[in-house]
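A.B. asks: From the sequence below, what's the structure:
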Amino acid sequence: MKKITLILVLVLGIYTVHAQVIENKVNLNLGYGMGWFSGQSLIEDQSFSSPSLFANYKTTSGFTLTMLYNQMKPLRIGLDFEYVQASEWKLKEQTEYIGSSIKQFSAGPVVQYTYGFNQSRASEWLTAFVGFSPMIGYTNLSLRHPFFDIESTGGTIEQPMESSDLFFDMKLDAGLEAVVWRNIAVFVSYAYSYGWTKSLVYPDTQFSCNMVKAGIVLHLIRNKRYFY
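C.D. replies: This is a model prediction of the structure:
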């Protein structure tokens, strides 16, 4: 009996010495999303009202690329890049932006707080996360037809048909991430962003966007830690 006990102790000791934790050090998130702009259809300015550019696009779609460093658990920090487009502008009895399209490009730092549901020495197969990103970018607007003319001393100048305007927004993102293979995971999330901008072509100075996203997570660098 003593020999059996001694053998078990030795086996468990050897197992403990060689046990290891595999942790992700750097993640690359690639996602695709669909959503919508929200807000008032008409912008009121004293006694004058004009149609909103952003709020009357019915749908949006886009891509996200996020790089995250995971060595500050439960926090992740990194960089976020986003591309959003919209082209179906519609408002009853208004024609200003019909046929127009916008493309938004933005980038900024991101901080995520994570919580693993199934924590073990080997891995965390399901993780919830909440992220915050202050983003800066620009909106590229393309019009199909002009809807006003500019009067100058030299005569009438047609309205520009394209506009590129800087914007700043704050984005909140929450979702779930599940490991499907050792170096690959999938995620789903909902993101809400609120932004500020200024343009000579459209009256909007603020906008908000809702986006539902899904994609894959690539674990690029993994750490191995041994227990003795």
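
A.B. asks: Quick check: which ranges of this structure have low pLDDT?
C.D. replies: 1-24, 118-124, 147-159, 221-228 (pLDDT under 70).

A.B. asks: switch to 50 and redo it
C.D. replies: Within the chain, the stretches with pLDDT under 50 are 1-22, 121-122, 226-228.

A.B. asks: Just give the nearest non-adjacent residue to the residue most central in space within the chain, would you?
C.D. replies: For the chain, the residue nearest the mean C-alpha position is Thr64 (5.6 Å; Cα atoms, centre = their mean). Spatial nearest neighbour of Thr64, excluding adjacent residues (Cβ to Cβ, 6 or more residues apart in numbering): Gly31 at 4.4 Å. In short, each C-beta sits where N, CA and C put it, glycine included.

A.B. asks: next one: Thr66
C.D. replies: That would be Asn29: by Cβ to Cβ, 6+ apart, it lies 4.0 Å from Thr66.

A.B. asks: how close does the one you found get to Glu93?
C.D. replies: 42 Å (Cβ to Cβ, to the nearest Å).

A.B. asks: show me where the chain has helices.
C.D. replies: 2-18 (DSSP state H).

A.B. asks: quick revisit: verify the contact between the residue nearest to Thr66 and Leu65 for me.
C.D. replies: Yes. With contact defined as Cβ atoms under 8 Å, Asn29 counts as touching Leu65 (7.2 Å).

A.B. asks: Between those two, point out the one with more neighbours.
C.D. replies: Asn29 (22 against 15; other Cβ atoms under 10 Å).

A.B. asks: Tell me how far that one lies from His145.
C.D. replies: Counting by Cβ to Cβ, the separation of Asn29 from His145 is 39 Å.

A.B. asks: Now do the contacts for Leu200.
C.D. replies: Applying Cβ atoms under 8 Å, 6 or more residues apart in numbering to Leu200 gives the contacts Ser163.
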